[in-house]
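**Q** Any chance you could fold what I've pasted below:
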Amino acid sequence: MSSHGHSHDEYVPPPGMKYETKDISTRIVVWFAVALVIGAAAVHVVIWLLQVYLGGLNERAYPREYPMANVGAPQQPPAPRLQAQPREELKNMRAEEDRVLRGYGWADAQTGKVQIPIEEAMRLLGERGLPSRATPAGAAPRGLPQDSSSGRTWTGGVPRN
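**A** Take a look at the predicted model:
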């Protein structure tokens, strides 16, 4: 024991010091927290209702009008249009060209003209040559200018003015 008759574990305030004699009530703190949460929720609900109400008034007073906006399905741009899948389209076009150039078929069934592969057509052209019309010996072809007349001398008949 000390000289004043108190143990060392006990706090002894200095003489003349004033302090609270009791702690804050837990019940009051809990009620305040509950009231704060309820008040915050009520403010959120009131603001949301106000926004819905005033937004409806605004929509009725000032309806949205977009004169430049297209309504309905989007209008297609004029041709030619951009290709959506250019690689696929090129691949398909080349396949169709190859089919036509390398295959057999009718060019005109009524006249009996057939289509043959390009390699075969080139071989036949090399063997047979190009078809041409026979011209009389020493005669200039009809319809062609003579010499170097730059087309001023016409042998194909009477020119039309």
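**Q** quick one: the strands in the chain?
**A** Ranges of strands within the chain are 105-108, 113-115, based on DSSP state E.
**Q** Could I get these in TSV, plus columns for mean pLDDT?
**A** As requested, the strands of the chain are arranged in TSV below (pLDDT from 0 to 100):
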stretch	mean pLDDT
strand 105-108	87
strand 113-115	90
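**Q** can you list those in CSV and add distance to Ala121 and mean neighbour count?
**A** Every C-beta, even on glycine, is put in place using the N, C-alpha and C of the backbone. As requested, these are exported to CSV (distance: least, CB to CB, whole Å; neighbours: other CB atoms under 10 Å):
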stretch, distance to Ala121, mean neighbour count
strand 105-108, 11, 10
strand 113-115, 9, 11
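**Q** So which of those is nearest Val43?
**A** When the strands of the chain are compared by CB to CB, strand 105-108 sits nearest Val43, at 81.4 Å.
**Q** Not counting that closest one itself, show me its contacts.
**A** With contact meaning CB atoms under 8 Å, 6 or more residues apart in numbering, strand 105-108 is reached by 113-115.
**Q** how about 6 Å then?
**A** Applying CB atoms under 6 Å, 6 or more residues apart in numbering, the external contacts of strand 105-108 come out as 113, 115.
**Q** What separation do you get for the spatially most central residue of the chain and Gly16?
**A** Centroid-nearest residue in the chain, with CA atoms, centre = their mean: Ala84, separated by 9.7 Å. According to CB to CB, to the nearest Å, Ala84 and Gly16 sit 93 Å apart.
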